[in-house]
Every structure is written in structure tokens, then in C-alpha cells.
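Undergrad: Task: produce atomic coordinates for the following.
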Amino acid sequence: MNRKIIDAHSHLWLRQDTVVDGLPIRTLTNGRSLFMGEIRQMVPPFIIDGRNTAEIFLSNMDYAQVSAAVVTQEFIDGMQNDYLLEVAKRYPDRFFVCGLCEFRRPGYAAQARELAARGFKAIKIPAQRLLLQEGRVCLNGDEMMEMFHFMENKDMILSVDLADGDSQTGELEEVIQECPGLKIAIGHFGMVTRPNWLAQISLARYPNVRIESGGITWLFNDEFYPFPGAVKAIREAADRVGMEKLMWGSDYPRTITAITYRMSYDFILKTEDELTEQEKDLFLGENAATFYGFKKLIELPYIKNMSE
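TA: Down below sits the predicted model:
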């Protein structure tokens, strides 16, 4: 396969041990985690120690012929900055990693400067987690804008997941207009199965904004593989902002409790009517290579499985 595939939305962690919205999230055994009041299958059950490592991911990537991946972060996984720096140093051509600050309390602008000094080229904001009971943390607030100006000057990338619909798009649009040189990737394909999802997609009409599809398969889990609704949504988004603004993402590893890693993208390859071959190339890798600056993309052979 000549096509070089890049996953623009994935996660790694050594252990989940944190609290979100007052509820604990903690790694258990057999791939399960205590997750905000219930036990959930966080990763496949054969990952018995719950360690979602780069090496396990690389094994999945190699088999699925995925050349490289962007590793984002989320509060539910705890801070993984130290581990992700190790990963990036160990596998510089395979992973682009995002740093995470404690955005739920003041002082994160200084943390962002420290992360940049340590070598991070991107910051992740799980903005959907900032609608706190004790008070909303606004993306266009003073400390946020201070951080965004710093990131713009340092040529850093902002990776951000938004709450459903248009509840935070006005704030982010103000950031985009204030910091036109800041490169922004919006995750979860605008929470595509929720009302007003196109409000998030429409932000990609600005030159430095991209949309990545991390989690699109769990968002369309009710219809399941090969996700015809997801393909139609990608087509609709491309017609609105252009296919050059869209990137594939898997939301690994949470999605592979329901499907294989290859299935998280090959439904795109199997569509015949909605997407051209050139559009598939753009969506599955070329756009991400340009946006994140991947240079040395490995070419991986197809390996038959025992069912073939």
C-alpha cells in the first residue's frame, strides 16, 4: 500500500489514577478501569495490567499499516507529560505528542511555557471538561489568551476537544481571530452525532484550523461498521470546508474495545461513491503530514492474518 496513513487522535498512558468532576478514574485489571462511578472496559482485556504503552500501540500501528500517530491527552487519563516526552524521544518518526496543563485551576499559562521549554510542540485542551460546576473556564479568558499568544509566537499547535454543538465555538472563534497564526486542530469531528455539530466544522473555514475525526467510530457506534453515517458526515464536512481541512483520527485505544484498529479507518477505503481516491489520501494521511510536520513516514507491508 503506497498510501501513508497518520492517526491524528490517539492516547497513551502508563496508569489511570485521577479524579474528574469529583469522581475517581483508576486502572484495575484485565483492561478495565473504575470510571466515574462504574467499571468500564477501557482497553482490550488482553492488556491485563492496563498499561496502554507506545509499544503495544506500535504493534497495532504496524499491523494496520499506520505510519505515524498524534498522541493527545485527556484529563480522564491523568497527566502523561513525562511519559509522552519519553515516547517522542524514543520514536521521533512515529509519534507527535501533545502536552497537557491543569486548565481547571489558574496557573496553566506558566505550565504551558514550561512544557514548551521541555520540548512539547503542541498543547491539548479537553475543553469539554472546563464547564465546571464551580465556574466555567472560558477559552477566551485572560490567562487562556496569554497562553495562546505565547503558543502562536512559538509556532505551537493547539489540539482541542469542544463540548457538544456550539456551546464553546464562539469562544474559540474569538481565539482564532485574535491569534490568526495559531494552528488549531479540533477533535471528535465536532461531536458529529450531536445537534449543531456543523458549528464546530465551520471553524475550519479559517486558514489555520483543521478538524480531526478522533472518536467518529464510537460516535456512530449505534449503526456500527462500516459506519455509513460517518462517511456521509465526512462528505458533508468536506463540502462545507474542503477535504484539505479534515484529518482521520481513531481515538485509540478506547475504540478498539469494539472494533479492530484497522477497522477504525478502513471503512473509508471501502467507500466507493462518497469519496474519491485523492480525497481518501488527503483525509487518511496527507493533511496530517502537512499540518503536524511529519517528514520520515515509514512504509509498512501488508501482513495476512490467519483468517485469510
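Undergrad: G99 reaches A122, doesn't it?
TA: Yes. Proximity of G99 to A122 meets the contact threshold set by Cβ atoms under 8 Å, at 6.9 Å. Where C-beta positions appear, they are placed from N, C-alpha and C, glycine not excepted.
Undergrad: which residues in the stretch 151-300 of the chain form strands?
TA: Per DSSP state E, counting those that start in this stretch, the stretch 151-300 of the chain has strands spanning 157-161, 183-186, 209-212, 246-247. These are given in chain order.
Undergrad: would you turn those strands into TSV with distance to I176, mean neighbour count and mean pLDDT?
TA: Converted to TSV, the strands of the stretch 151-300 of the chain look like this (distance: least, Cβ to Cβ, whole Å; neighbours: other Cβ atoms under 10 Å; pLDDT from 0 to 100):
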stretch	distance to I176	mean neighbour count	mean pLDDT
strand 157-161	10	24	98
strand 183-186	7	24	98
strand 209-212	6	26	98
strand 246-247	17	27	98
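Undergrad: possible to save these as CSV with distance to P195?
TA: Rendered in CSV, the data for the strands of the stretch 151-300 of the chain read as follows (distance: least, Cβ to Cβ, whole Å):
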stretch, distance to P195
strand 157-161, 17
strand 183-186, 17
strand 209-212, 17
strand 246-247, 21
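Undergrad: Any idea which of those strands gets closest to E86?
TA: If you check each of those against E86 by Cβ to Cβ, strand 157-161 wins as the nearest, at 19.3 Å.
Undergrad: Return the distance of that closest one from the chain's centre.
TA: Its chain's average C-alpha position is 8 Å from that of strand 157-161, according to Cα atoms, centre = their mean, to the nearest Å.
Undergrad: same thing with stretch 114-129?
TA: Distance of stretch 114-129 from the chain centroid (Cα atoms, centre = their mean) equals 13 Å.
Undergrad: burial count for the closest residue to D161 other than its chain neighbours?
TA: For D161, ignoring the flanking residues on the chain, the nearest one in space by Cβ to Cβ, 6 or more residues apart in numbering is G187 at 4.2 Å. Burial measure for G187: 29 neighbouring residues, criterion other Cβ atoms under 10 Å.
Undergrad: For G214, see how far away G187 is.
TA: Computed as Cβ to Cβ, to the nearest Å, the G187 to G214 distance reads 5 Å.
Undergrad: which neighbours do those two share?
TA: Taking Cβ atoms under 8 Å, 6 or more residues apart in numbering as the contact rule, the neighbours common to G187 and G214 are H9, T72, G249.
Undergrad: which among the residues you listed gets closest to E178?
TA: Among the shared contacts of G187 and G214, and counting by Cβ to Cβ, the member closest to E178 is T72, at 23.1 Å.
Undergrad: Give me the pLDDT value at the closest one.
TA: According to the prediction, T72 has pLDDT 98.
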